[in-house]
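Asker: all I have is the shape, not the residue letters:
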Ligand code: SAM
């Protein structure tokens with residue numbers, strides 16, 4: 001499988017379709033000593049589906065700081081670990097960054113497997129330029145949101161955002177307010193799942209579309225960059 005052995009593997013897991021996992025990801029999950037999971041219950045179901053039985057340890061934003069030193073010590077003693085999140089690539093709007101930084105600081109080896117993440121399919125499906133883009137994750141909810149929107153209004157690269165379904169309409173209203181009603185947006189909902197939908201059009205059209213009924217599911221919003 002792997003020519004070299006790492007201390008920590010970041011392993012992407014499906015964002016909806018259980019078939020979206022690489023052969024190497026399965027191999028790594030079967031080989032490591034322990035799997036660090038954001039939610040051990042969610043990951044338990046996933047691992048059961050792939051018939052992987054490994055010790056699971058919880059690793060999430062609330063215990064991230066507290067557990068770091070202990071995890072590094074165990075890696076130094078020879079334990080190989082994999083980090084997975086509830087869905088997609090760990091470290092992308094999910095815990096992972098702090099652990100990676102500390103593992104590298106300790107002179108240990110980190111590997112990140114390529115695999116599912118929601119932002120890339122949404123970006124590609126938008127049809128907006130992909131040669132340069134900016135990923136902002138979740139915008140701040142209250143404080144700093146207006147400032148962020150003002151800054152993004154000047155951005156000429158394609159913009160990719162994560163948003164919760166109940167805030168989508170508000171975000172589209174803000175796109176209209178800060179970037180104009182004709183700015184093109186592409187909203188991808190429930191990627192790789194049964195009710196996958198991508199709506200691409202002017203911001204006012206997207207607003208009218210998503211105002212029709214309650215928005216459900218997971219959402220990525222892609223905004224065309226500012227044109228001269
Ligand atoms: N680590 C994940 C990744 O690599 O994409 C992101 C985790 S973040 C906590 C969850 C957000 O990702 C959701 O609120 C949504 O914005 C986006 N997302 C995850 N799965 C998705 C899907 N199947 N369709 C659309 N967006 C999705």
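Answerer: Yes, it's here. Fair warning: this is a prediction, and the values are worked out from it, not measured in the lab.

Asker: every contact and neighbour count from this point should use C-alpha atoms.
Answerer: Fine.

Asker: list the contacts for residue 210?
Answerer: Counting by Cα atoms under 8 Å, 6 or more residues apart in numbering, residue 210 makes contact with 168-169.

Asker: if we use 7 Å, what do you get?
Answerer: residue 169 (Cα atoms under 7 Å, 6 or more residues apart in numbering).

Asker: confirm that it sits in a helix.
Answerer: Yes - according to DSSP: H, G, I helix; E, B strand; the rest coil, residue 210 belongs to a helix.

Asker: please tell me how far it sits from the ligand.
Answerer: 15 Å (Cα to the nearest ligand atom, to the nearest Å).

Asker: pLDDT score assigned to that residue?
Answerer: At residue 210, the model reports a pLDDT of 97.

Asker: backbone dihedrals for the residue nearest in space to the middle of the chain, please?
Answerer: Geometric centre of the chain, nearest residue: residue 92, 4.3 Å, by Cα atoms, centre = their mean. Main-chain torsions, residue 92, degrees, to the nearest 10: phi -100, psi 100.

Asker: can you check residue 64 too?
Answerer: Residue torsions, per degrees, to the nearest 10, at residue 64 are phi -50, psi -50.

Asker: contacting residues for residue 211?
Answerer: Here residue 211 is in contact with residue 169 (Cα under 7 Å, 6+ apart).

Asker: element containing residue 214?
Answerer: Taking DSSP states H and E as the definition, residue 214 sits outside all helices and strands.

Asker: next one: the residue nearest to the centre of the chain from the ligand, what distance?
Answerer: Taken as Cα to the nearest ligand atom, the span from residue 92 to the ligand is 4 Å.
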